[in-house]
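Chemist: for reference, the sequence and a predicted model appear below.
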Amino acid sequence: MHRLLHPLLAIEDRSARYWPVILLIVSLLLCADWFGQVTNSPITTDAVYTARMAVNLVHDGVISGSAEPPLRPSMYREPAPAVSVAMGVVVADAIFGEARTDAYLSGDRARFLKYPHVLWKAISVLAAYWLILFMTGQRVAALAGVLLLGMSQPAIDTVFTEQEAATLLVVGMTMLVIGLRRRSVVALLFTGACLGVLALTKAAFLYVFAGFLLVVPIIEILMRPEEPPRRVGIAVIVLALAFGVVTLPWMYRNEVQLGSFSITERGGLSLYTRAVKDQMTWDEYKGSFYVWSHSRSVQRVIGAITGFSEKDLQRGGRLQRLNRMNNSDFAEGDRQAERAGRPDLAISFYRRARAERVKREMRYDAAGHPNPQDAADAELQSLALQEFKAHPLRHLAMTGPFVWRGAGLLAPLLLLISLVYSFRAGRNDLRLLTLMALGYVLFYALLTPFEYRYSLPLSPIIVVIGVVLVTAAWSRFRVSILGRHIVEPAAP
């Protein structure tokens, strides 16, 4: 056995002298591939608002989602992605000259708005490499992580915010693991600031971070009695202060200019959409696993088991309320119902929730409210929380399909395995990563519709956890089967 596996065991030793060259070649190949993925394809759907914010920021110095003057300050979407995309606007203007706002939504200008994602992805891959190397001490494992992450989601040919969020999360967690192990206040300050920018990229992370600061110190004190609680408390305070320094100025701006001390104003709609989907029937509950499958092959298997098919998603079908696709035979009617603020005329859960928002915005606007959109969002949030409180067991039962929708099966299973292993092996670094990822998944599954793209920011962390687990299993195999001693890195 040892002779058969000897080539694999010697890879790292043989490649040590060539390692800088190997990394350079891999990096160049990946960057070339990423640049090739960026096209002139139009910027559509939710990404349009971010693109407009970026253009308005560069041209007029105002973070606003308006397509035409007058430009009113907005907080409908988070500000950090607009600052990132603004780099592409600056370059596009230098090459092609300034143009009207929506001219940047297609063609060459749109391509330049997407290019900053190449830089973001490069940073995320670099951070993942150093985190794996720090946790395993093995360059081959770190390189494997680079290749896995470099060839996977999130996509680059877009200005959706998942790539920025993925990068900020893995960089922040890398600095957290290093900072705690080396007891570096500077690293912890950087972590808090980085995760603060993440909250300005994905507002929901504000609550994930708050939960992380509440739960993790308790676990760390219980699991590591030798660690003085005072030191844990100082780490929490440093993280919270740095996080607040980054997020509070934007929230104060929103309070002064828009009357809302928050990061964005879409939280109510997200909560309300989740509450509306809590009203699924038993047939719809079963069918949600069919509708929200991540691949056609998995969907066919589930369809064969449950008896659901594509016809169930069309008008009159058992699963019509779960169908938000634009190619359904009632899609246009649903869009009209949303625009008219008539939730009673909408079929899908998705359009019904959005029509409810429009209905309330129209009512506040007619009453002369200074910010009807924010007022409607606050009302929807209150209604959603009342619904959750009235039916807590039903809400918890509905969480399963949303975990499936957003994260699938393999990622949650990997996280559960990692959590068990991290406790059994005393791997505090791995436990931190796992708890952050699990908290992220649970928050989105409990309080949002948890679309698949919402989980893409976890991609680098999932890859790191997977590589660390495989490396640990391989090390145990080498010890137990081959009798070769491996020195694993000390836990932080």
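Modeler: Arrived safely, thanks for sending.
Chemist: domains of the chain?
Modeler: What automatic domain parsing lists as the domains of the chain is 38-114, 117-261+401-480, 267-394.
Chemist: indicate which one of the ones you listed is closest to C31.
Modeler: Nearest of these to C31, taken as C-beta to C-beta: domain 117-261+401-480 at 6.4 Å. Using the backbone N, CA and C atoms, a C-beta is placed for each residue, glycine as well.
Chemist: check the offset of that closest one from the chain's centre.
Modeler: The chain centre lies 10 Å from the centre of domain 117-261+401-480; the measure is C-alpha atoms, centre = their mean, to the nearest Å.
Chemist: what does stretch 48-64 give?
Modeler: 22 Å.
Chemist: buried sites along it?
Modeler: 48-59, 63-64 (16 or more other C-beta atoms under 10 Å).
Chemist: and which of those is nearest to M135?
Modeler: Distance to M135 across these (C-beta to C-beta) is lowest for T50, with 33.6 Å.
Chemist: surely that closest one meets S74?
Modeler: No. Applying C-beta atoms under 8 Å as the test, T50 and S74 come out as separate, 11.3 Å apart.
Chemist: and the pLDDT at P229?
Modeler: For P229, the model assigns a pLDDT of 84.
Chemist: please, which helix or strand holds A235?
Modeler: Following DSSP states H and E, one finds A235 within helix 229-258.
Chemist: ok, and what's touching the helix or strand just after that helix?
Modeler: Tracing the chain past helix 229-258, the next element assigned as helix or strand by DSSP H and E is helix 267-277. Helix 267-277 has contacts (C-beta atoms under 8 Å, 6 or more residues apart in numbering) with 203-204, 349-350, 352-354, 356-357, 376-385, 387-388, 398, 402, 447-449.
Chemist: got it, and stretch 284-301?
Modeler: Contacts for stretch 284-301 (C-beta under 8 Å, 6+ apart): 280, 302-303, 306, 308, 312-313, 318-319, 321-323, 398, 401, 404-405, 408, 452.
Chemist: what residues sit buried inside the helix or strand where I123 lies?
Modeler: If you go by DSSP H and E, I123 is part of helix 116-136. In terms of neighbour count (16+ other C-beta under 10 Å), helix 116-136 has its buried residues at 116-118, 120-136.
Chemist: which elements pack onto it?
Modeler: Contacts defined by 3 or more C-beta pairs under 8 Å, 6 or more residues apart in numbering; DSSP states H and E place helix 116-136 against helix 19-37, helix 80-96, helix 139-150, helix 162-182, helix 428-447, helix 459-480.
Chemist: could I get the ones you listed in CSV, plus columns for distance to R230?
Modeler: Listed next are the helices and strands packed on helix 116-136 as CSV, based on distance: least, C-beta to C-beta, whole Å:
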stretch, distance to R230
helix 19-37, 41
helix 80-96, 33
helix 139-150, 34
helix 162-182, 15
helix 428-447, 18
helix 459-480, 29
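Chemist: columns distance to S288, mean pLDDT and mean neighbour count on top of those helices, output as CSV?
Modeler: Formatted as CSV, the helices and strands packed on helix 116-136 follow (distance: least, C-beta to C-beta, whole Å; pLDDT from 0 to 100; neighbours: other C-beta atoms under 10 Å):
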stretch, distance to S288, mean pLDDT, mean neighbour count
helix 19-37, 32, 88, 13
helix 80-96, 30, 95, 20
helix 139-150, 29, 92, 20
helix 162-182, 23, 94, 24
helix 428-447, 12, 95, 22
helix 459-480, 23, 90, 19
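Chemist: follow-up on the earlier one: by contact count, what packs against the helix holding A235?
Modeler: Using 3+ C-beta pairs under 8 Å, 6+ apart, helix 229-258 is in contact with helix 162-182, helix 185-199, helix 205-223.
Chemist: between the shortest one and helix 116-136, how many degrees?
Modeler: An angle of 140 degrees separates the directions of helix 185-199 and helix 116-136 when computed by axes from the mean of the first three to the mean of the last three C-alpha atoms, to 10 degrees.
Chemist: quick one: mean pLDDT over helix 185-199.
Modeler: Helix 185-199 carries an average pLDDT of 96.
Chemist: name the residues that touch that helix?
Modeler: Contacts for helix 185-199 (C-beta under 8 Å, 6+ apart): 80, 165, 168-169, 171-173, 175-176, 178-180, 205-206, 209, 235, 238-247, 263.
Chemist: point out where this protein drops to low pLDDT.
Modeler: Across the chain, the ranges flagged by pLDDT under 70 are 1-16, 153, 481-492.
Chemist: the same query, at a cut-off of 80, please.
Modeler: 1-20, 153-155, 220, 223-227, 266, 478-492 (pLDDT under 80).
Chemist: residue closest to the middle of it?
Modeler: P457 (3.3 Å; C-alpha atoms, centre = their mean).
Chemist: ok, now which ones touch that residue?
Modeler: 154, 162, 165-166, 169, 202, 440.
Chemist: now, the buried residues of stretch 48-64 that are in helices?
Modeler: Taking DSSP state H as the definition of helices, the buried residues of stretch 48-64 contribute 48-59.
Chemist: nearest to R476 among the residues you listed?
Modeler: Distance to R476 across those (C-beta to C-beta) is lowest for T50, with 45.6 Å.
Chemist: distance of the closest one from K114?
Modeler: Going from T50 to K114 by C-beta to C-beta, to the nearest Å gives 11 Å.
Chemist: counting neighbours, what do you get for R266?
Modeler: Here the count is done by other C-beta atoms under 10 Å, and R266 has 22 residues near it.
Chemist: my guess is it contacts S74. True?
Modeler: No. Counting by C-beta under 8 Å, S74 is not a contact partner of R266; they are 11.3 Å apart.
Chemist: give me the distance between A378 and Q257.
Modeler: 17 Å.
Chemist: equivalent analysis for P343, please.
Modeler: 30 Å.
Chemist: in terms of neighbours, single out the busier of these two.
Modeler: When neighbours are counted by other C-beta under 10 Å, P343 comes out ahead of the other of P343 and Q257, with 19 against 14.
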